[in-house]
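1. no FASTA, just this:
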């Protein structure tokens, strides 16, 4: 009897595709959601690594130009009011407000320093939103994907027990396929969640460092302008 049961189990196809095709609609839907979440997460992860690398490279290039000793007005004229780099846009925001704060006679309008600071803060907030865009999805996947997978597993096991009751047969050939299908949902949940959590923490740290660099530059630039205001 045991030999017949083992032979029946060996005849069952336990490949991922076969397990998916045999699963019920609900379990299939859970699997598809988790697969989509995993693919989307990896897309965000790869895109963020590229974006952060570009942002760091552009910041380093701009820092060299900013501290080269060239007049800031000349640097701004070369870059224009809408440059491509994030650090350059923060600099441009401050310079635009700096120039707007001058009257036709050359004197400064009162409150220029505060307006320049606010302009750069707004620019930093915009860049921060761009850098952090998509990280919320990674956090969401990392938090809920295991529970979505667990739901698929519970549902699959429920169906396996229903199949046992219908066939009134508890041998391994009847139980194993349903249990295997159910466990695949948990595996997919973990497959989606683990990279999402790891890279969310990594990318959040990288984003904070880049934004901290923007804040430091804005403070240094504001100090330079403050000296000119006081002179």
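-> Structure received. Keep in mind that this is a model prediction, so the values were computed, not measured.
2. which ones are touching the residue sitting nearest the centre point of the chain?
-> Here the mean C-alpha position of the chain is nearest to the C-alpha of residue 135 (Cα atoms, centre = their mean), at a distance of 2.8 Å. Residues counted as contacts of residue 135 (Cβ atoms under 8 Å, 6 or more residues apart in numbering) are 44, 48, 200, 203, 204, 207. C-beta: built from backbone N, CA, C; applies to glycine.
3. Would you map the strands across this protein?
-> Secondary structure of the chain (DSSP state E): no strands present.
4. which sections of this structure are below the confidence cut-off?
-> Scanning the chain for pLDDT under 70 picks out 1-21, 104-108, 167-178, 229-231.
5. What segments of it are helices?
-> 2-11, 16-22, 25-66, 72-79, 86-100, 112-132, 135-167, 172-230 (DSSP state H).
6. Go ahead and measure how far the third one is from the middle of the chain.
-> Right, helix 25-66. Helix 25-66 has its C-alpha centroid displaced from the chain centroid by 5 Å (Cα atoms, centre = their mean, to the nearest Å).
7. how much does it deviate in direction from helix 135-167?
-> 170 degrees (axes from the mean of the first three to the mean of the last three Cα atoms, to 10 degrees).
8. now the longest one
-> Direction vectors for helix 172-230 and helix 135-167, defined by the same axes, to 10 degrees, enclose an angle of 170 degrees.
9. Can you spell out which helices and strands pack onto helix 172-230?
-> helix 2-11, helix 16-22, helix 25-66, helix 86-100, helix 112-132, helix 135-167 (3 or more Cβ pairs under 8 Å, 6 or more residues apart in numbering; DSSP states H and E).
10. among the ones you listed, which is nearest residue 217?
-> helix 86-100 (6.1 Å; Cβ to Cβ).
11. How about the closest one, which residues are buried there?
-> Neighbour counts over helix 86-100 (16 or more other Cβ atoms under 10 Å) mark 86-98 as buried.
12. and those as CSV, adding distance to residue 192?
-> Conversion of the buried residues of helix 86-100 to CSV gives the following (distance: Cβ to Cβ, whole Å):
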residue, distance to residue 192
86, 30
87, 35
88, 37
89, 35
90, 36
91, 40
92, 40
93, 39
94, 42
95, 45
96, 44
97, 45
98, 48
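13. what's the closest of those residues to residue 152?
-> residue 86 (41.1 Å).
14. how about that closest one, what does it touch?
-> Taking Cβ under 8 Å, 6+ apart as the test, what residue 86 contacts is 55, 58, 59, 127, 130, 131, 210, 214.
15. ok, the second one touching residue 85?
-> Yes: the pair formed by residue 58 and residue 85 meets the contact definition of Cβ atoms under 8 Å, at 3.6 Å.
16. Not counting residues beside it along the chain, what's closest to residue 40?
-> residue 137 (6.9 Å; Cβ to Cβ, 6 or more residues apart in numbering).
17. do residue 76 as well
-> Using Cβ to Cβ, 6+ apart, the nearest residue to residue 76 is residue 95, at 4.3 Å.
18. Could you pull up the residues touching residue 183?
-> 153, 156.
19. any idea how far it lies from residue 150?
-> Note on residue 183: its distance to residue 150, by Cβ to Cβ, to the nearest Å, is 11 Å.
20. Also residue 57?
-> 42 Å.
21. repeat for residue 50
-> Taking Cβ to Cβ, one finds residue 50 at 33 Å from residue 150.
22. who's more crowded, these two?
-> residue 150 (16 against 10; other Cβ atoms under 10 Å).
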